[in-house]
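Novice: Got a sequence here, can you build the structure:
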Amino acid sequence: MSLYERWILPRLTHLAMRQKQLAAYRARALAGARGRVLEIGIGSGLNLPFYAHGVQRVLGIDSSAELIRLAEKAAGKASFPVEFLIQSAEEMPLEKDSVDTAVTTWTLCTIPDPVKALQEVRRVLKPDGLLIFVEHGRAPEPKVVAWQDRLTPLWKRCSGGCHLNRKIDDLIRHAGFNIADCRPATQRGRGRWLSCTKAVPGAS
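Specialist: Take a look at the predicted model:
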């Protein structure tokens with residue numbers, strides 16, 4: 001891991017994701033979290049202040065030790081216990097049907113194998129559990145998609161693996177989830193955003 005990836009990129013990520021306009025997305029989506037929460041790509045812990053009273057515990061997973069270090073500071077202000085695992089999400093040391101809510105915000109673009117990670121999420125979610133996500137991805141406009149495809153090879157090298165052109169809703173459905181209450185929005189210069197407060201495991 002390079003100096004940039006280990007120390008500089010986590011700081012840049014923290015600064016980029018703490019923008020005020022993202023707060024409304026976090027607040028709406030995370031209001032539905034409950035019970036034992038698994039957050040994939042917890043980053044610097046920017047979601048923690050938005051969890052409602054129904055949350056009993058949060059387990060945060062992230063592959064960046066530096067971002068986890070920042071998240072530990074945020075966890076000190078939380079009203080519920082927060083645990084951390086420094087690793088990727090494709091294989092998680094959690095029992096089947098052990099999580100009430102899984103959360104991912106602006107994360108599925110960077111995971112090397114997002115479908116495998118989502119299948120792991122489905123494994124650890126209880127049958128009546130929820131997947132909550134806010135993500136960006138492939139735009140509906142062909143001209144924008146063309147630019148996303150051109151830029152992604154370079155962009156992912158300097159942004160920690162972020163793919164601009166992943167079709168997030170297709171990935172989630174392919175992993176075995178049924179999506180409901182999903183609100184697509186096109187952000188100028190950022191492609192298509194999806195904010196969803198309810199995705200449930202489909203039938204096996």
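Novice: need the contact list for the spatially most central residue of the chain.
Specialist: By CA atoms, centre = their mean, the mean C-alpha position of the chain lies nearest to residue 104, the distance being 2.4 Å. Taking CB atoms under 8 Å, 6 or more residues apart in numbering as the criterion, residue 104 is in contact with 39-41, 121, 131-135. Backbone N, C-alpha and C define where each C-beta goes, glycine included.
Novice: Filter these down to the ones in strands?
Specialist: Members of those lying in strands (criterion: DSSP state E): 39-40, 131-135.
Novice: how about TSV for these, with distance to residue 82 added?
Specialist: Formatted as TSV, these follow (distance: CB to CB, whole Å):
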residue	distance to residue 82
39	9
40	14
131	20
132	17
133	20
134	20
135	22
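Novice: Among these, filter down to the buried ones and hand me the PyMOL syntax, if you would.
Specialist: Selection of buried members from those for PyMOL, criterion 16 or more other CB atoms under 10 Å:
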select buried, resi 39+40+131+132+133+134+135
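Novice: Looking at the ones in strands among the contacts of residue 104, which is nearest residue 199?
Specialist: Comparing the ones in strands among the contacts of residue 104 against residue 199 with CB to CB places residue 131 closest, at 4.1 Å.
Novice: Mind listing the residues bridging to that closest one?
Specialist: With DSSP bridges as the criterion, residue 131 is bridged to residue 102, residue 199.
Novice: Give the next helix or strand downstream of the lengthiest helix in the chain.
Specialist: Of all segments of type helix in the chain, defined using DSSP state H, the longest is helix 142-158. Next along the chain after helix 142-158, taking DSSP states H and E as the criterion, comes helix 168-174.
Novice: Buried residues in that next one, which are they?
Specialist: Buried residues in helix 168-174, counted by 16+ other CB under 10 Å: 168-169, 171-172.
Novice: what does the one helix or strand in the chain whose mean pLDDT sits lowest rub up against?
Specialist: None of the helices or strands of the chain scores lower by mean pLDDT, DSSP states H and E than strand 191-201, at a mean of 71. Applying CB under 8 Å, 6+ apart, the external contacts of strand 191-201 come out as 25, 28-29, 31-32, 122, 125, 127-140, 144, 148, 164-165, 168-169, 172, 176-187.
Novice: just how off-centre is it within its chain?
Specialist: How far strand 191-201 lies from its chain's middle: 11 Å, per CA atoms, centre = their mean, to the nearest Å.
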